[in-house]
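A.B. asks: the amino acid sequence is not available; the structure is as follows:
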């Protein structure tokens, strides 16, 4: 209202509508782990949350996957990897054991979109020596997200590479970050050694996980079992250079050649090229090969080895299977994103098929899932199961707080996070406004409009908006005179969040013939 001190016509504009509540993004995961590099035009991205929206951007800023090296050893156990004649051998991953790159591929193949990446280190130190995954660095990476507003999901694939105790420490830190410090995020956890059956001689991985995890902030996290046999790594990405013990490989292939009764000298010459020094001048051309020519020669040699040696082909197949064994959290982050974008955060991320998955590592039956889903400790573990004609499906939608009627389901917790955060950001505009009826009506109208829109889209349960939510604010309703004197405006919001039909019961009964 202008101050009227002189004659004239004065224009007064009044806002006709209240501010609106903008729905915050619900599926922006933050991935924490090790990368090949971490640079943006010469500037380091180490320990810096960085937003990307595609795998191409990840490769541009953080590089590609590790170069895994496998060793071949004589088998000591009764379960060898492969046999040749009377000799038995094992294939062991010796270096290049990092999971973030493969997990990012799996995330995007399952519907992932925009996300944050925090590189806490590179595969090798400044001297070229491979580093080990460090629990403290991963925990420090979690703390870096405190200043970031957008991330809503936390995924740390490389926790499974730590010792069991350190793995649990990182996961507890993730839950504390989500439910204690920020209260607006959700952690997807992997089971340590979750590729094993619960009847494995080394112990029940589920019971170990439940016993060690504790009871804090369980409603802000979910876990999935078992791990997945994927198709992320393809045969053409592997070659003889992935085998560290090249001399032993040569001996095995030559032995295979002799065992088969084939003593072709051309084949022997191909096998002998495995440990060839490609940087030396070609004996015929007397020239040094370029990098591209070296790569072409290696590909040609690899193809020749595949053609002449079934054993070599078998070894590459086993290397591929080993690298394709991945924990499911990253894929589930992609599923959360896809479901949120197509149905909404209020839809449970379950009964959805996983992409780039050959099979779960453990087959789970209906009876097996009973203890996973419902347990006296309340720490529900969501099953990933294979169904005939349907593929591999996510068959669980519970948080780790499975005994809580309030926070049992993932979609309920994540919907409430979205509603709380959206309303919190919108009402910040009214801090220090007059604490009177005019402001109360404005705030109530703003929140009611937002919740009505959410109800219309199916996010809230009820036949009418009155059944789905209620907003109360005002003197004598949510506040006392003392509250107003102390500068407090209390707003009470009740919402009926939709819950999944986890159990469908159909009753059949015979009736008497009527005609």
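C.D. replies: Sure, I can see it. Everything numeric in this text was worked out from a predicted model, so none of it was measured.

A.B. asks: please parse the protein into its domains.
C.D. replies: Structurally, the chain divides into domains by automatic domain parsing as follows: 29-232+324-410, 235-323, 431-515.

A.B. asks: winner for burial among the ones you listed?
C.D. replies: Mean neighbour count, computed with mean count of other Cβ atoms under 10 Å, is highest for domain 29-232+324-410 among these, reaching a mean of 19. The C-beta positions use only the backbone N, C-alpha and C, and glycine is treated the same way.

A.B. asks: now the helices: where do they sit in the stretch 301-450 of the chain?
C.D. replies: For the stretch 301-450 of the chain, the helices defined by DSSP state H, counting those that start in this stretch occupy 310-323, 329-342, 366-373, 410-427, 437-456.

A.B. asks: let me have these in JSON lines, extended by mean pLDDT and distance to residue 226.
C.D. replies: Compiled in JSON lines, these are given as follows (pLDDT from 0 to 100; distance: least, Cβ to Cβ, whole Å):
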{"stretch": "helix 310-323", "mean pLDDT": "92", "distance to residue 226": "15"}
{"stretch": "helix 329-342", "mean pLDDT": "97", "distance to residue 226": "12"}
{"stretch": "helix 366-373", "mean pLDDT": "92", "distance to residue 226": "10"}
{"stretch": "helix 410-427", "mean pLDDT": "96", "distance to residue 226": "19"}
{"stretch": "helix 437-456", "mean pLDDT": "95", "distance to residue 226": "36"}
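
A.B. asks: out of those helices, which is closest to residue 75?
C.D. replies: Distances from residue 75 to each of these were compared using Cβ to Cβ; the minimum, 13.1 Å, belongs to helix 310-323.

A.B. asks: chain center to that closest one: distance?
C.D. replies: Chain-centre distance of helix 310-323: 27 Å, with Cα atoms, centre = their mean, to the nearest Å.

A.B. asks: give the other helices and strands that it contacts.
C.D. replies: Packing contacts for helix 310-323, counted by 3 or more Cβ pairs under 8 Å, 6 or more residues apart in numbering; DSSP states H and E, involve strand 69-74, strand 82-84, strand 87-95, helix 246-259, helix 291-308.

A.B. asks: please redo it, this time with the cut-off set to 10 Å
C.D. replies: strand 69-74, strand 82-84, strand 87-95, strand 228-230, helix 246-259, helix 291-308 (3 or more Cβ pairs under 10 Å, 6 or more residues apart in numbering; DSSP states H and E).

A.B. asks: got the contact list for stretch 293-305?
C.D. replies: Contacts with stretch 293-305, where a contact means Cβ atoms under 10 Å, 6 or more residues apart in numbering, come from 236, 238-241, 249, 253, 266-267, 269-271, 273-274, 276, 278-279, 282, 287-290, 311-313, 315-316.

A.B. asks: and residue 202, backbone torsions?
C.D. replies: phi -70, psi -10 (degrees, to the nearest 10).

A.B. asks: which ones are touching it?
C.D. replies: Neighbour list for residue 202: 193, 196, 208 [criterion: Cβ under 10 Å, 6+ apart].

A.B. asks: filter these down to just the ones in helices.
C.D. replies: residue 208 (DSSP state H).

A.B. asks: nearest to residue 2 among the contacts of residue 202?
C.D. replies: Residue 2 lies nearest to residue 208 out of those, by Cβ to Cβ, at 72.1 Å.

A.B. asks: enumerate every residue touching that closest one.
C.D. replies: Residue 208 makes contact with 164, 168, 191, 192, 193, 202, according to Cβ under 10 Å, 6+ apart.

A.B. asks: out of the helices and strands packed on helix 310-323, nearest to residue 502?
C.D. replies: Once those are compared by Cβ to Cβ, strand 228-230 is nearest, at 22.7 Å.

A.B. asks: so where's this structure uncertain?
C.D. replies: When the per-residue scores of the chain are filtered using pLDDT under 70, the ranges that remain are 1, 76-80, 84-86, 261-263, 280-286.

A.B. asks: closest to residue 12 out of the domains of the chain?
C.D. replies: When the domains of the chain are compared by Cβ to Cβ, domain 431-515 sits nearest residue 12, at 16.2 Å.

A.B. asks: gap between the two ends of the closest one?
C.D. replies: Across domain 431-515, the straight-line distance between its terminal residues is 72 Å, by Cα to Cα, to the nearest Å.

A.B. asks: leaving out sequence neighbours, find the closest residue to the most centrally placed residue in the chain.
C.D. replies: Nearest to the centroid of the C-alpha atoms of the chain, with distances taken as Cα atoms, centre = their mean, sits residue 330, at 2.1 Å. Take residue 330 and drop its neighbours on the chain: the residue closest to it by Cβ to Cβ, 6 or more residues apart in numbering is residue 103, 3.5 Å away.

A.B. asks: give the contact list for that neighbour.
C.D. replies: Under the criterion of Cβ under 10 Å, 6+ apart, the contact partners of residue 103 comprise 31, 33, 155-158, 190, 232, 326-331, 333-334.

A.B. asks: so it lies in a strand, does it not?
C.D. replies: No: under the criterion used here (DSSP: H, G, I helix; E, B strand; the rest coil), residue 103 is helix, not part of a strand.

A.B. asks: I'd like the numbering to begin with 268 instead of 1 from here.
C.D. replies: Got it, first residue is 268 now, which makes that one residue 370.

A.B. asks: quick revisit: hmm, which two among the contacts of residue 475 are most spread apart?
C.D. replies: Based on Cβ to Cβ, the longest span within those runs between 435 and 469 and measures 16.4 Å.

A.B. asks: residue contacts, residue 470?
C.D. replies: By Cβ under 10 Å, 6+ apart, the residues touching residue 470 are 431, 460, 463.

A.B. asks: from residue 465, how far off is the nearest residue to the last one once chain neighbours are set aside?
C.D. replies: Nearest in space to residue 463, with sequence neighbours left out and distances taken as Cβ to Cβ, 6+ apart, is residue 472 at 5.5 Å. When Cβ to Cβ, to the nearest Å is applied, the distance between residue 472 and residue 465 equals 7 Å.

A.B. asks: need the overlap of contacts for those two.
C.D. replies: Contact with both residue 472 and residue 465 is made by residues 492, 493, 629, according to Cβ under 10 Å, 6+ apart.

A.B. asks: now these in CSV, with distance to residue 606?
C.D. replies: Listed next are the shared contacts of residue 472 and residue 465 as CSV, based on distance: Cβ to Cβ, whole Å:
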residue, distance to residue 606
492, 20
493, 21
629, 24
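
A.B. asks: which of the residues you listed lies at the shortest distance from residue 608?
C.D. replies: Distance to residue 608 across those (Cβ to Cβ) is lowest for residue 492, with 25.8 Å.

A.B. asks: these two touch, right, that closest one and residue 627?
C.D. replies: Yes: using Cβ atoms under 10 Å as the test, residue 492 is close enough to residue 627 to be in contact (8.5 Å).

A.B. asks: between these two, what contacts are shared?
C.D. replies: By the contact definition Cβ under 10 Å, 6+ apart, residue 492 and residue 627 are jointly contacted by 461, 462, 595, 650, 651.
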